[in-house]
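Colleague: Model the following, please.
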Amino acid sequence: MIGNLFSDQKLKGDKMANQDDREITRESDSGEVRIMVVDDEESILKTVNVFLAKSGYKVTTFLDAQNAIEALKKDVYDTVITDLKMPGFTGVEFVKKAKQVSPNSDFIVMTGFPSVESAVACMKLGATDYIAKPLDMEYLKIVVERTLYKRALERRAAERDYYEQISRLDGLTGVYNRRFLHELLDFEIARCDRYKHSFSLLMIDIDDFKKINDKYGHPTGDEVLKKLASTFKSLIRKTDLVVRYGGEEFAIILSETSKEHGIIFGDRIVNGVATLKVKGIPRDDTLTISAGLVSYPDNARTQETLIKRADEALYKAKGMGKNTLCVYGT
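Modeller: Numbering: from 1, shown residues only. Next up, the predicted model:
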């Protein structure tokens, strides 16, 4: 039964992988693909131009490297196919200079057998592939398609990384969002258990935030949230993490921080906010926060209990008159 289940899952995985391959292939085939070909032999330029144009690519040819460099400065080319031996430039020099002016283009080097070492040198400079002369047009087409496929694959991976990153961030403040807080706490708990360290969690709430919105408007309220997020980041270490927990509430994970040191950080943050000036709020209208502090493993052993007890300390701080830090259990 387990074997059948594993086989079914593998089959589904293979189907998904094949589907991804087909989607990436379609992506690499979609739109206008611009190819530059550089060679000092007109017959080769003509042959390559005709063949690749029949395959649906927009091809531009150049007899010399300098004009090709100038064209790369002005226009975008997906792929550059270049000969190694040209007047004025060696292939290595051309690839190096062309990469500087067009870093996102892929480069394919055409070389005769005696120039394989130069082709390898070009690839070390960033060329994607090389093909030996005399040219086999069908093989050239395969190399071009392989290069474009790799390009589409890398673009898809970069997009996935980007969307994964922004899914972790709060759109307004740019700090981490509530959903990602749970992953961060799991990681911090596991790390502390492994190395026998402690960490502290601050839960923070803006005092009378509703009154700020009502009195000065929601755009000013948004400015307050953004200003506080940047202020929190400036008052903590690079290893600490700021999270917008929701509405006007924030959480700060103080990595490798005992309760005693957490109190120092908490007081610094509360006092730092009280001196802030925010655009749209008069100087005599002071912005303040209340904060609750809890430490792991002293006060809690799970993330759920950490958050619950940090919240309890926060609301105790509110009851003590706001603009203060309250430590759980005190």
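Colleague: Return the helix or strand in this protein with minimum mean pLDDT.
Modeller: helix 2-29 (a mean of 39; mean pLDDT, DSSP states H and E).
Colleague: what's the following helix or strand after it?
Modeller: strand 34-38 (DSSP states H and E).
Colleague: Check the secondary structure at E159 for me.
Modeller: Under DSSP: H, G, I helix; E, B strand; the rest coil, E159 falls in the helix class.
Colleague: which residues in the stretch 51-200 of the chain form strands?
Modeller: 58-62, 79-83, 85-86, 89-90, 106-111, 129-132, 176-177, 199-206 (DSSP state E, counting those that start in this stretch).
Colleague: What mean pLDDT does the fourth one get?
Modeller: When you say that, I think you mean strand 89-90. Averaging pLDDT along strand 89-90 gives 76.
Colleague: partners of it, with directions?
Modeller: strand 85-86 (antiparallel) (DSSP bridges).
Colleague: Need the contact partners of the partner strand.
Modeller: Strand 85-86 is contacted from outside by 38-40, 64-65, 91, 94, 115, using C-beta atoms under 8 Å, 6 or more residues apart in numbering. Every C-beta, even on glycine, is put in place using the N, C-alpha and C of the backbone.
Colleague: Show me which of those residues is closest to G174.
Modeller: For the contacts of strand 85-86, the residue nearest G174 by C-beta to C-beta is F94; the value is 41.6 Å.
Colleague: Need the pLDDT of the closest residue to the closest one other than its chain neighbours.
Modeller: Distances taken as C-beta to C-beta, 6 or more residues apart in numbering put A65 closest to F94, at 4.6 Å, once the chain neighbours are dropped. If you check A65, the pLDDT there is 90.
Colleague: Widest-spaced pair of the contacts of strand 85-86?
Modeller: For the contacts of strand 85-86, and using C-beta to C-beta, no pair is farther apart than D64 and S115, which are 18.5 Å apart.
Colleague: distance of R160 from C192?
Modeller: 30 Å (C-beta to C-beta, to the nearest Å).
Colleague: okay, these two: which has more neighbours?
Modeller: C192 (16 against 10; other C-beta atoms under 10 Å).
Colleague: does the more buried one really touch Y296, like I thought?
Modeller: Yes - contact between C192 and Y296 holds when scored by C-beta atoms under 8 Å: they sit 6.1 Å apart.
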